[in-house]
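*Asks:* Build me a model:
(4 chains)
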4 protein chains.
Amino acid sequence: MQIGMMGLGRMGANMVRRLMRDGHQCVVYDINPASVAALVKDGAIGAASMEEFVGKLTKPRSAWLMLPAAITGKIADQVAALMEPGDIVIDGGNSYYHDAVDQAAELAAKGINYVDVGTSGGVWGLERGYCLMIGGPDEAVRHLDPIFATLAPGADAGANPAKDGGTAPFGYLHCGPSGAGHFVKMVHNGIEYGVMAAYAEGMNILKSANAGKRQRTADAETSPLENPQYYQFDIDLAQVAEVWRHGSVIGSWLLDLTAGALKSDSALTQFGGRVSDSGEGRWTLKAAIDTGVPAPVLSSALFDRFSSQGESEFADKLLSAMRYAFGGHVEKPKAGS
Amino acid sequence: MQIGMMGLGRMGANMVRRLMRDGHQCVVYDINPASVAALVKDGAIGAASMEEFVGKLTKPRSAWLMLPAAITGKIADQVAALMEPGDIVIDGGNSYYHDAVDQAAELAAKGINYVDVGTSGGVWGLERGYCLMIGGPDEAVRHLDPIFATLAPGADAGANPAKDGGTAPFGYLHCGPSGAGHFVKMVHNGIEYGVMAAYAEGMNILKSANAGKRQRTADAETSPLENPQYYQFDIDLAQVAEVWRHGSVIGSWLLDLTAGALKSDSALTQFGGRVSDSGEGRWTLKAAIDTGVPAPVLSSALFDRFSSQGESEFADKLLSAMRYAFGGHVEKPKAGS
Amino acid sequence: MQIGMMGLGRMGANMVRRLMRDGHQCVVYDINPASVAALVKDGAIGAASMEEFVGKLTKPRSAWLMLPAAITGKIADQVAALMEPGDIVIDGGNSYYHDAVDQAAELAAKGINYVDVGTSGGVWGLERGYCLMIGGPDEAVRHLDPIFATLAPGADAGANPAKDGGTAPFGYLHCGPSGAGHFVKMVHNGIEYGVMAAYAEGMNILKSANAGKRQRTADAETSPLENPQYYQFDIDLAQVAEVWRHGSVIGSWLLDLTAGALKSDSALTQFGGRVSDSGEGRWTLKAAIDTGVPAPVLSSALFDRFSSQGESEFADKLLSAMRYAFGGHVEKPKAGS
Amino acid sequence: MQIGMMGLGRMGANMVRRLMRDGHQCVVYDINPASVAALVKDGAIGAASMEEFVGKLTKPRSAWLMLPAAITGKIADQVAALMEPGDIVIDGGNSYYHDAVDQAAELAAKGINYVDVGTSGGVWGLERGYCLMIGGPDEAVRHLDPIFATLAPGADAGANPAKDGGTAPFGYLHCGPSGAGHFVKMVHNGIEYGVMAAYAEGMNILKSANAGKRQRTADAETSPLENPQYYQFDIDLAQVAEVWRHGSVIGSWLLDLTAGALKSDSALTQFGGRVSDSGEGRWTLKAAIDTGVPAPVLSSALFDRFSSQGESEFADKLLSAMRYAFGGHVEKPKAGS
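*Replies:* Alright, predicted model coming up:
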C-alpha cells in the first residue's frame, strides 16, 4: 500500500527502504532535498514541499512523521491542516505521550486520525525489523496493518503463539487509544535504562575484582580494604560477557551488544562516561510518581546518568563542606586533578 | 571421560543425564539411595557410600559436588580426605567465593585441586545447556574440558568468535584461579536481580496506566492524581511483554519467561509477592562495598526483596510515628486490613 | 495590623491565636460557623460569608487562605473577585508551586497581589512559631512583614546574624517571586522525607542487631546469616535515640520526636506501617527530574512510602513468577499469612 | 579519677583537656613526644613509653586508646600484655565492631576488660561534649562512669528524663556487651550519611530552580526542559538554610553547619566534590545486608560518595558504549573537557 514519510533521517530513511523492499509505495519529504533525492533514486516518490507531499498521497492519506520530538507537534498541525476527514497522521518519534493524548483530541475534532507509534530497534531496525507499539483509533490502526507488518520483524521460531490471534508475536501491537503507543514505548525505555545499568554495575564490580592487588592509600580519608586476599582476580570482561550469552539467565540483546563492545575494546577508551538521557526515562519516572508506583531501580539508573553529566557536583561539594565543618576533614583531590 | 557426581537433586541428576547422553561415564552418589537407583537405571555407576564413590573413580579422580551451600564445605573436606594428590574436587553449587578461596588453599596444601564452577541455567539446563563460570588451577580445568564442553550449550549461530580461540562462545569459561568461578557467578546473579527488577517495575507502571479511571480517596493523607486524563489506558501486559520480544532493545531470556508467565495468568494470582533472595545478591553488594564501586541499581533490587519479605515494617512504623508527632497525621489503615 | 484568615482548621486557628496574642486584629471565616465562633470568643472578628469576610477587611485588604490544596485555587479566585487592585491574597497551604506561578500571573493582570507562604511547624507552631517560606511581589511581602514576624519563631540564641540584615534568622524569608515560597517549602518536605527515612532505616538495623539469637529457617529460599556471633545485641532503641540527641552529629528536631515516640512505646504498636505522602515529596522529585538533578536519596525515601502503601505488590509477584519460571523456585508464604 | 590516654591527636588531646578541666588525673602517651609535652604543660602526667604509661596507672588500670582503626587492634594487644586481670582497655576510635567482639573475647580470657566507646562530636566535642556509645562488661563500664559523665555533654533543658534513671539524657549510654558501642556508633554514621545526602540533594534542586533562565542545548542527546516558566527562581541557598533552622521540621545540627558553610561561601568554591567515606557507612550496609534489612536511603548516600570518588566511570563508559551500539548515539563531551 501507499504511505507518506516525512523526516528522512537515519530512522525515517531506513524505514522507507524496509517498506519499499516489501513492495509498498513511499512518498517522501524532508527539508533537506538531498535526503529526498537519495530515496527517489531507490524508488521512492519525492516531494519538494509539504503541500506537494500531501498532494501526492491517495485518500485516505497516511503521513508518517519521523521527526525530532521538539518540532513534531507543530509539523503535525501543519500537515493536518492540509488533510481531510478520514486521513491519518502517524507520529513515530519519541514524543511525550501527554502531547499525543492532547493532539489526538484536537485532530479528532477535525475528523483526522492520530496514530502514535513507539518504535524500537535503532540502527539495527532496517535488517532486524522494528518493534512497534501503537496507539490510536481502531479503524486507522487496522488500515495501516500492512505497513506495520512490514516494518516489524515478523514471527520467528521463539514467538509465543498469540492467545487471540494477535500481532504481538510478529513484533507490533495495538496497545490502546491515542497515546498508548508512546506510553508503552516510554516504559520500554525506562526499563532499558534499568537493564543497562544492571549490566554496567555488575561489570564494574567484576573490573574491581583485582582491587586487592592495587596499592591503596592509607589515610583517614580512605576506607581500607579489609580482606585483600579475596580481591585478587583479573577478570576478562569481554569473555565473561560472551560466556553469559550462552545458557545463562541474563542473556539478552543488550548483553550481545555489550559483549561486542567489550570485545573490540575492553577498556572502552573511546568513551568518556557522560551518559545522555533523552526524555523517556524521565517521563517514565513521572508516571511512576503520579500513580504512586515504586520505581527505585529505574530511578537509580536515571539519576546515575544525571550524575555522569556532572549534575551531582554541587551536592557533593556540600557534603565535603559539612564534613569539614563537623570533623575538620579536608577533601582529597579529585582523581586526575 | 569419567566423572563422579555427588548430590543428585534436580540440578545434579539433570547434569548426569546430559553427560551420559554425550557418552561420559558417571559415578553417582547421594544420601538418598532412590536418587542413585534412578540414575543407575539410566546407565550410571552407583555408589552406596562416599568411600565406595571415591573408590570407583579412576585417577586422577574428579568428584563434582552439587550440594546445598550450607554443607558443601564439610563434604568437600570429607571427600578430599579420601583422595590423593592430583585428584580434583569440583564445587558446582552456589557457595560463597570466599569459602572457595579458603578451601582451595587448604586442599592445595595436600596436592588436591579445587575447581569452583558457577552454574547458570536452572531447570532449563538439561535441554538448553548450562552456562559455566569456572575457577581453579589451569591443569585441572584443562583436564575437565570435555565435561565442561558437554554440560555447556555449545556454539550457536549468534556466538561471537572468541578472539583467542577461547571457550566463551561455547558457554563455558575459565575465569581465573580458585574462587573466580563463584565470583563471576555471584555477580551474574547480582545483575539478574537488577534486570528482573527493571522489568517488574516497568510492568507495574504499565499496570497503573489506568489509574485515572479509578475512584481515588480525597483526603489529606492521599496524594491526588493531578492529570487523570493521561492515565486512561488498559494495557494488556502479556501482549506487551510478547511484542517487546521481537525487535526491541530490551529483548532477553528473562523477558521471554515474563511473557510466558503473563500469558498463562496476567494477574499472577498464584503468587503473593514474597520474593526470596539466596545469597549471591547479598555477596555481590558486599563486594561492591568492599571495593568502593557504586551499585545503586543492584542494591535497590535487593532491598526491594527484603521489603517484600516484610523487613521494612519497623522502619515504616517509625515514619508513621514521626508524622504523628510533628503533624498529628493519623495513619490510614493498610490495604486489606 | 489587620489580617483576614479563611480556613480555621488546626493550622489556621492556631495561627490566628498566635497573631492575636501579639496584638494583631484578625477577621476570620470558615464554612463551619462553630470554628468562627470559637475564635470570636477569643477576640477575633467573625464573618458569616465570604462577602462579609472581604467587606470587613480594610484596604489594602490581606486575606490569608489556609485551605486544602484541592480547593485553594478556586477559593482564591472567588476571594479575588471581591477585591480591588492593591489587595493581597495569601496562600499558606501546601499547594503545588506551579499553580502559584499560574495564579499569580492571572491575579497580577487584575492588579491583585498573590503571596504564597510555605508554612512548616505542624501542630507545634502555636508555641514554637512557624517557619515561613514566602514568594510574591516585593511591596506586598514588605507590607505583611509584621504578620510574618509574629507567626515566625523570632530570633534565638543560635541564629546566625543575617549577612544583610535579613529576616532568615527570625524564621521567615522572602524567597523570590510568586511560587518561590511553595517551591522552597516543597523541597523542604522532600528533604524531610529523606531525613526521616535515614533515621528509620538506621533504627531498623539497630533493631536487627540481635538477629544472631533468633532461630533461622534453613531452606534454599532463605539466605543464611553467616556470622551470627556478630548479631547478639539487644539494643534499647529509645535510649539510643535519646543519647544521640546530646552531642552527636545527627541531633535534630526529628530525632527529638523519634526519641519521644520510642520512649512512650518502643515497639510502636499503635502504628501499622502504612506511610502516607502528601504531594510535596512527589513534586520535589519531578523538579529534580525536570532539571536533571540526581536525587537518589529523596526518591528512595518516597518509593519506600509507596511500597508501604502496597504498591510494589504486582512487581513483587512478577519477580516470584520469573524465579519460578527459570529455577522452579516456589514462593514462601508471606509472614503472617 | 585517673585515666590513661594513648593517642594524642586532635580527638585524644581535646578529650584529655575536657577531663582535666573537670578534675580528673590524666596519664598521657603518644609516639610523638611533642604531643605529650603539650599536655604535660596543661597538667597531664606524661609517659615516654608504653611501659611507663602502663606503669603510671593505678589499679584497676584504665587505658583509653584514641588511635587510627588500622593499628588499634595491635596496640590494644600490646597494652593488654602489660596489664593484669581487672584492668580495662578502652577503644574510643572508629574500629569495626567485629574486631571489638573478637578482641573482647580474647582479652576476657586473660581477665582483662575491653570497653568500646563510639565517640561522636568531632572538632566541637571539647566545648560541646562528646556523645558516647558504650559497649562492654557491666562492672568495667560502671567503674568508668565519672569519666563518661565528664566527656559527655551533660543534661540540657531539652533532655527527656530517662525512664529508668539512665544516663542517655546526659549524652552517654551503655548499649550492651563489648562491640555494642561500636555497633551503635557505626549505625549513627550510616544515618549521618543519609541525613547529609538529603540536605545536599535538596539544596542541589534549589540551586537548579533557575534552570528555565539558562540557555539549553537543543540536540538529540539533551533532554529538553518542558516548562521553563516554572524554573525562574534564583534562590539564596544560605538564607534558605538559615530560615529552616527556625521552626521548620528539618532543623538539625547538620543544618546549622550547612547554614554556616553556605553563609561563608554560597558557591562552596573551596571544595571540589570528592566526598570521602571512612568505613562506618560501609559496615552499616553490610550489617543491613547480613540481617536482611532494607536500607535504600543509606546505600544511595554511600554510593553517591563512591561516584564522587570517580568509581562509576567504567560503568558509565559501558552505558555509552551500549547506546552507541544500539542507537549510534555519540557521547557528548564531558563538561569542562
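*Asks:* Okay, now the unreliable bits of the stretch 151-300 of chain A?
*Replies:* Where the stretch 151-300 of chain A drops to pLDDT under 70, the residues are A:157-165, A:218, A:220.
*Asks:* Chain C contacts on that one?
*Replies:* The interface of the stretch 151-300 of chain A toward chain C, taken as CB under 8 Å from any CB of the partner chain, is made up of A:249, A:277, A:282, A:285-286, A:289-290, A:292-296, A:299-300. All C-beta atoms are positioned from the backbone trio N, CA, C, and that covers glycine.
*Asks:* could you redo the last one with a cut-off of 7 Å?
*Replies:* With the criterion set to CB under 7 Å from any CB of the partner chain, the stretch 151-300 of chain A comes near chain C through A:249, A:282, A:285-286, A:289, A:292-296, A:299-300.
*Asks:* any chance of those in CSV, with secondary structure and neighbour count too?
*Replies:* Putting these into CSV (DSSP: H, G, I helix; E, B strand; the rest coil; neighbours: other CB atoms under 10 Å in any protein chain shown) gives the following:
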residue, secondary structure, neighbour count
A:249, coil, 25
A:282, helix, 26
A:285, helix, 25
A:286, helix, 19
A:289, helix, 24
A:292, coil, 21
A:293, coil, 26
A:294, coil, 30
A:295, coil, 32
A:296, helix, 31
A:299, helix, 34
A:300, helix, 33
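*Asks:* from the middle of its chain, how far away would the longest strand along chain A be?
*Replies:* Ranked by number of residues, the top strand in chain A under DSSP state E is strand A:113-120. When C-alpha coordinates are averaged (CA atoms, centre = their mean, to the nearest Å), strand A:113-120 and its chain have centres 14 Å apart.
*Asks:* residues making contact with that strand?
*Replies:* With CB atoms under 7 Å, 6 or more residues apart in numbering or on different chains as the test, strand A:113-120 has contacts from A:88-92, A:95, A:100, A:103-104, A:107, A:130-137, A:140-141, A:144, A:178-179, A:181-182, A:184-185, A:188, B:247-249.
*Asks:* likewise stretch A:316-336?
*Replies:* Stretch A:316-336 is contacted by residues A:221, C:249, D:10, D:122-124, D:196, D:200, D:203, D:254, D:257-258, D:260-261, D:268, D:271-276, D:308, D:310 when judged by CB under 7 Å, 6+ apart.
*Asks:* Relative to chain D, how far out is the residue of the stretch 1-150 of chain A found nearest chain C?
*Replies:* For the stretch 1-150 of chain A and chain C, the shortest gap (CB to the nearest CB) falls at residue A:96, measuring 12.4 Å. Relative to chain D, residue A:96 is positioned 7 Å away (CB to the nearest CB, to the nearest Å).
*Asks:* could you flag which of the contacts of stretch A:316-336 are buried?
*Replies:* For the contacts of stretch A:316-336, a neighbour count by 16 or more other CB atoms under 10 Å in any protein chain shown gives the buried set as C:249, D:122-124, D:196, D:200, D:203, D:254, D:257-258, D:260-261, D:268, D:271-276, D:308.
*Asks:* can you give me the strands in the stretch 51-200 of chain A?
*Replies:* A:62-65, A:88-91, A:113-120, A:131-135, A:172-176 (DSSP state E, counting those that start in this stretch).
*Asks:* Pipe those strands into CSV and attach distance to residue C:167 and mean neighbour count per row.
*Replies:* Converted to CSV, the strands of the stretch 51-200 of chain A look like this (distance: least, CB to CB, whole Å; neighbours: other CB atoms under 10 Å in any protein chain shown):
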stretch, distance to residue C:167, mean neighbour count
strand A:62-65, 53, 24
strand A:88-91, 51, 28
strand A:113-120, 51, 27
strand A:131-135, 52, 29
strand A:172-176, 53, 28
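*Asks:* need the ones you listed in a markdown table with distance to residue C:62, can you?
*Replies:* Listed next are these as a markdown table, based on distance: least, CB to CB, whole Å:
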| stretch | distance to residue C:62 |
| --- | --- |
| strand A:62-65 | 52 |
| strand A:88-91 | 49 |
| strand A:113-120 | 48 |
| strand A:131-135 | 49 |
| strand A:172-176 | 49 |
